[in-house]
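In: one predicted model, sequence on top.
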Amino acid sequence: MRKLIYFLTMIVMLSSCSDDFEYVFNKTVTERKGEAKTELTSLLTNAEYGWKTTVVVGERMTAGSFYCFNFAESGDNCGKVDIDNGIEKVTSEFEVVHEAGVLLKFTTRNKLLHWLIIPSSMFVEGFGLDQEYIFMKEEDGKLYFQGKELESKLVLEKASKEDLVMENVKANYERMKTIMKSNFKVLSITEGVVGASESDPFYVIFKSPTLLHLLYPDKKDILYRTEYTLGDKNYYDWDAAFLFTPEGVILSKPVVIEGDTIDTFILDDNGEFAIANAKFKGKIIGADLPFFAAPATVDTFFNKLLVLNDETTRGLRMFSTNTSSSLNVLLFDVWENGMSPTFDRIFLVREYVAPDGTVLGDGFVFTDFVDDTYAFIPAEYIKLSNSEFRINLTGGQVISNMEGAVKRIENDNEIKELLNKICNKDGWSMVLYEGYWENTNLYEVMLYNKANPALSVTNVFQIKD
C-alpha cells in the first residue's frame, strides 16, 4: 500500500513539473542566455522615467554622485543611455551581455561616471566604481548589481516624474560652491554636542583636501576634509566629496561625533544648509574672515613663531600656499622687477638678531640667495585681540649688510606698495592650528587682511621639542 501511494505521489509531482522541465530542456544554452539578456534590457529600457541611484565609493578617500539613467535600446541588447546628475547630462552607450551571468556594460566613456572609475598614478586604486556590472536580482521594483571587477554595489530604483525636475540639485551645487570658496567653512552645531548652543556653537571645520583637488581640479569646489576638537583630542578625516541629490546634500564621508552621524543637509529658506539628521541642529556657513579663535592665538604667534633664532624658527615667511592670495602677486612684483639686489624672501620677525650678533628687534627681514645676508626694516606688532593684530612701520633706519639694499627699499615702489598693504590700519585676523608629530610641534598659520581678505598668508611651522 505504501509503495502504491509513493508511486502515485511521484506521478503527480512529475506531471505538475512537466511544463517547467519542458521549458528548460526544450531551449538551448544560447537561447536561455539570450532570454536573460533580453529580460534585463527590457527592464532597463521600459521604465517610463528611467532609473535613479546614489552611489558612494572609496575607502579612505571617498566620493560619489546621484544619477538618473535613461536607457534606450537601439540594437540587439545595446543602445544609448542618458546619465544626468542634476548638474549636467551626458549620453554614452551601454550593452547587455552574458559572461558568467548577465552583465550591464557602460561601453563608452562618460565623464559623470568615469571620474569615480579611473585610477591615476597618484591614486592607483581609484575610488572603486565599476564599469561592468553583474545583474544579481530584481526585488521590490529595484535592480541590484555588483561590479564585475571591484564588486562595487549599484542599486537602481525607478525614477518618478518629480525626480527628473532637478533645479534644486543645481541650486544646491552652486550654493555649496560659493560657500566652499570662502576662506573659512565650518559646520556650526548648536544642538546635539555637549555644551553647544546658539551663543557658543561647536565647530567642525571644512578644510581643503590633501590630494583629491590635484587629481580632480574640476571638482575642487565640492571636495573637502573635516577636522574638529572635542575635549583635548583632535579628530581628522580623509578627503571626501559632497553629493547633490533631489532630497539634499550628502557627505560621502560623514561627520561622526561620539558615535552620532551627521551626513545630510537641506537648503533652508535662509539659503543655508541645515543639518537634516535627527538629534542635531546646525548649519554649514562660510566667511572670508575667521569667526572663531583658539585662546592665546596672537600671543603664541608673537612670542613663539615670530621669534627668529637658531633654536626655534625663522619668523613667518610672507607667502601663501593659497594660490588665490593676492599677496603672492605683490611678492612676485618685488622679486621680479629687475632691481638689484634681488630679494628672494620676506619675513615677519620679532627679537631679530643680525648674523653679526647685533640685536635689531621687531620688524621685517628681506633676504637674498646668499646665506647671512639681510635687510631689516623696523616695525612694531600690536595685539588687538586674541585673534587680531596690526603691524606699524616705525620709520626707523633700514639696516642691511647687502650692497644697495637700503637704497632699493627706500626707492622701490613695489616694496612701498607691499609694506603699505601689510601695515594698513585695519590689521590682520588670524587662525592658528596646532598639532604634534614625531617630536615636532606643528603650527598652521592663516592670516587674512581685514581690509582685503584676499590678501592672505598661509604657512606651516615645524618646531622641534
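Out: Good, I have the coordinates.
In: burial count for residue 210?
Out: Residue 210 is flanked by 13 other residues according to other Cβ atoms under 10 Å. Placement of C-beta: from N, CA and C, glycine included.
In: residue 237 is in contact with that one, correct?
Out: No: using Cβ atoms under 8 Å, residue 210 is not in contact with residue 237; the gap is 10.6 Å.
In: now do the shared contacts for those two.
Out: In terms of Cβ atoms under 8 Å, 6 or more residues apart in numbering, residue 210 and residue 237 are both contacted by the residues residue 225.
In: so where is this protein shaky, pLDDT-wise?
Out: Residue ranges of the chain with pLDDT under 70: 1-27, 29-30, 120-125, 293-295, 308-314, 323-324, 465.
In: kindly report the domain assignment for it.
Out: What the record gives for the chain is the domain set 34-163, 166-287, 297-464, from automatic domain parsing.
In: make a markdown table out of these and add distance to residue 28.
Out: Shown next, in a markdown table, are the domains of the chain (distance: least, Cβ to Cβ, whole Å):
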| stretch | distance to residue 28 |
| --- | --- |
| domain 34-163 | 9 |
| domain 166-287 | 44 |
| domain 297-464 | 64 |
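In: mind listing the strands the lengthiest strand in the chain pairs with, and their directions?
Out: In the chain, taking DSSP state E as the definition, the longest strand is strand 62-75. Strand 62-75 has the following strand partners under DSSP bridges: strand 51-58 (antiparallel), strand 78-84 (antiparallel).
In: buried sites along it?
Out: Going by neighbour count (16 or more other Cβ atoms under 10 Å), the buried part of strand 62-75 is 62, 63, 64, 65, 66, 67, 68, 69, 70, 71, 73.
In: residues in a beta bridge with residue 350, which ones?
Out: Counting by DSSP bridges, residue 350 is bridged to residue 307.
In: that one and residue 379 touch, don't they?
Out: No: counting by Cβ under 8 Å, residue 350 does not reach residue 379; the two are 9.6 Å apart.
In: common neighbours of those two, please.
Out: Among the neighbours of residue 350, those also in contact with residue 379 (Cβ under 8 Å, 6+ apart) are residue 362.
In: against residue 335, how distant is residue 80?
Out: Residue 80 sits 54 Å away from residue 335, taking Cβ to Cβ, to the nearest Å as the criterion.
In: residue 345 too?
Out: 9 Å.
In: equivalent analysis for residue 180, please.
Out: As judged by Cβ to Cβ, residue 180 and residue 335 stand 31 Å apart.
In: these two - which one has more neighbours?
Out: The residue with more neighbours, out of residue 180 and residue 335, is residue 180; 18 against 14, by other Cβ under 10 Å.
In: OK, contacts around that one?
Out: 206, 221, 222, 224, 286.
In: would JSON lines of the residues you listed with distance to residue 354, neighbour count and secondary structure be doable?
Out: Formatted as JSON lines, those follow (distance: Cβ to Cβ, whole Å; neighbours: other Cβ atoms under 10 Å; DSSP: H, G, I helix; E, B strand; the rest coil):
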{"residue": "206", "distance to residue 354": "43", "neighbour count": "24", "secondary structure": "strand"}
{"residue": "221", "distance to residue 354": "46", "neighbour count": "17", "secondary structure": "helix"}
{"residue": "222", "distance to residue 354": "49", "neighbour count": "23", "secondary structure": "helix"}
{"residue": "224", "distance to residue 354": "44", "neighbour count": "24", "secondary structure": "strand"}
{"residue": "286", "distance to residue 354": "43", "neighbour count": "17", "secondary structure": "strand"}
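In: I am finished for the moment; much appreciated.
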